[in-house]
Structure formats: structure tokens, C-alpha cells
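Undergrad: when you get a sec, could you give me coordinates for this:
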Amino acid sequence: MNAIATRLDNVHQRIHKAATKYGRPESAIQLLAVSKTRPAEDIRAALEAGQHCFGESYLQEAIEKIQQLTDTQAQWHFIGRIQSNKTKIIAEHFDWVHGLCSFKHAQRLNDQRPDNLPSLNVCLQINLSNEASKAGINPEDAAELAHSIQALPRLQLQGIMTLPAPAKTLEQQRHPFQALRKLRDTIKTNELPLDTLSMGMSNDLEAAIAEGATIVRVGTAIFGPRNIKK
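TA: The predicted model follows:
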């Protein structure tokens, strides 16, 4: 196996071990390979090793790679900050959006989603610490925004996500993931199931799985140290 395939296998082993430890079905946990700053050939290597879902943050770079990989069955997730002047590109090229923070952006994504594509899957980004410097909505605003987005016909609200501050111990890592799960449980309904909890990365995926993550977003552990975009 090549290096990417080997690292992918190692990540799957970590997911399996954590799922077993915490009584979760492994099939309920999707691995999203964070491929931002990685060349298309790295993504192709991951595809050949069985990975199909990829997360991108930088639009110009992402579109170039999407165009280079049109012969594949890759599924594309936009995980960067959303800008109003970029919503049309996102709506036209991605299958998922993980960082939705406003109804304005949701409305634009809905209106600009091509009719020939299925509904765009979206997750609300929650700012659990209410820090002004961090993206995401305050937890107390999540229910109202979720119900507003659910009414948009070209979007499918799948769940919520968060990007917590780094923590050293497993228990410290689990705390914000537990808070996100509890928030989801308070606002979900039969009409708004919010099945997706997008949380956990290379350094804390075990803690996220312990608290119910359904998507873990892993970059470094698959592709190696990240190339810093300047």
C-alpha cells in the first residue's frame, strides 16, 4: 500500500476501536478526508484506497481539483467559511456544506442550487464558547435558524457541527462534543431529525465518537502534515 492508503487504514482502525469501546456501530460513523491544500493526486490515491468523501475550504483550489477528478465518484464537502459572493460556486459544485451560520447564506445557497442537482446537504456550525473571533452561531439561536432553513426546498438540513478549542485529555476533549450532542437532542423533532453530528478531527476523533459523532473530519492523519496555505 502507498503511504496514504496505509494512513487511511490506520484511521479506520482507530474508528473501529473507538466505536467498539463506546458501543457505537462503526457503520454509523463516516470518515471525511480533509483534503484542503492537498494535490489532486493525493485525493486520487485516497479514492483508490476506498475513500470517497473529501472536505475542502479554499474555493479556487477546490474547483480545480473537482474538475480534475470528474472521472471519479468523489463526494465534495465545503468546510470553510462561507462568503456571500462565493455561495453560487458552492451551490453548484458541492454535495455538503458544514459551516452554515446564517439564514442569508442559506437563502442564497438554496436559490443558487441548480435544479438538476439533488438538495444541498447542510450542517449548522455552532460556536459553543460564544467567542466573537470564532465562526458559528450561538447555541441559543440554533433552533430558530434550524427551523427556518428546514423550510428551504433546495437545502436538506442534516445536523450540526462544531470546531472546539484544542484540549489535552480525553475528558477535556469530550466536553464540547457532549455539549453539541445535548444541543442537538434539545432541538431535534420528528420533522427535524438532525441525524448528523459533524465533529472530531485527527487529534480527538475518539472523544467525538464517544459522544456520538456521525462524521469525523480527518486531514493530517490521512495525508500527513498539512501544507500551510499562504
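Undergrad: how about the helices in the chain?
TA: Along the chain, counting by DSSP state H, helices occupy 3-21, 40-48, 59-68, 87-93, 103-112, 142-150, 170-187, 205-210, 220-223.
Undergrad: possible to save these as a markdown table with distance to residue 199 and mean neighbour count?
TA: In short, each C-beta sits where N, CA and C put it, glycine included. Converted to a markdown table, the helices of the chain look like this (distance: least, Cβ to Cβ, whole Å; neighbours: other Cβ atoms under 10 Å):
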| stretch | distance to residue 199 | mean neighbour count |
| --- | --- | --- |
| helix 3-21 | 13 | 16 |
| helix 40-48 | 21 | 18 |
| helix 59-68 | 22 | 16 |
| helix 87-93 | 21 | 18 |
| helix 103-112 | 20 | 18 |
| helix 142-150 | 14 | 17 |
| helix 170-187 | 5 | 17 |
| helix 205-210 | 5 | 24 |
| helix 220-223 | 15 | 21 |
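Undergrad: what about the protein, any weak spots by pLDDT?
TA: Along the chain, the model assigns pLDDT under 70 to residues 1, 131-133, 227-230.
Undergrad: pull the contacting residues for the nearest residue to residue 121 once chain neighbours are set aside.
TA: Once flanking residues are discounted, residue 121 sits nearest to residue 96: 4.5 Å by Cβ to Cβ, 6 or more residues apart in numbering. With contacts defined as Cβ atoms under 8 Å, 6 or more residues apart in numbering, the neighbours of residue 96 are 75, 76, 77, 78, 120, 121, 122, 123, 158.
Undergrad: look up how far residue 94 lies from the fourth one.
TA: Counting by Cβ to Cβ, to the nearest Å, the separation of residue 78 from residue 94 is 5 Å.
Undergrad: now swap in the last one and tell me
TA: Applying Cβ to Cβ, the value for residue 158 to residue 94 is 13 Å.
Undergrad: do the third one as well
TA: Separation of residue 77 from residue 94 (Cβ to Cβ) stands at 7 Å.
Undergrad: between the two, what contacts are shared?
TA: Shared between the contact lists of residue 77 and residue 94 (criterion: Cβ under 8 Å, 6+ apart) are residues residue 56.
Undergrad: in contact with the residue lying closest to residue 39 once chain neighbours are set aside, which residues?
TA: Closest residue to residue 39 apart from its sequence neighbours, by Cβ to Cβ, 6+ apart: residue 65 at 7.7 Å. With contacts defined as Cβ under 8 Å, 6+ apart, residue 65 is in contact with 35, 39, 40, 43, 56.
Undergrad: surely the third one is in contact with residue 68?
TA: Yes: taking Cβ atoms under 8 Å as the definition, residue 40 is a contact partner of residue 68 at 4.3 Å.
Undergrad: contacting residues around stretch 165-180?
TA: Here stretch 165-180 makes contact (Cβ under 8 Å, 6+ apart) with 126, 128-129, 139, 160-162, 164, 197, 199-200, 203-204, 206-208, 210-213.
Undergrad: repeat that with 10 Å
TA: Residues outside stretch 165-180 that contact it (Cβ atoms under 10 Å, 6 or more residues apart in numbering) are 126, 128-129, 131, 134, 139, 142, 159-164, 181, 197-201, 203-213.
Undergrad: just the buried residues of those.
TA: With burial judged by 16 or more other Cβ atoms under 10 Å, the buried subset of the contacts of stretch 165-180 is 126, 128-129, 139, 142, 159-164, 181, 197-201, 204-213.
Undergrad: tell me which of residue 158 and residue 94 has more neighbours.
TA: Taking other Cβ atoms under 10 Å, residue 158 and residue 94 do not tie; residue 94 has more neighbours (26 against 23).
Undergrad: so what's the more buried one up against?
TA: Taking Cβ under 10 Å, 6+ apart as the criterion, residue 94 is in contact with 55-56, 59, 62-63, 66, 75-79, 109, 113, 117, 120-122.
Undergrad: perfect, that will be all.
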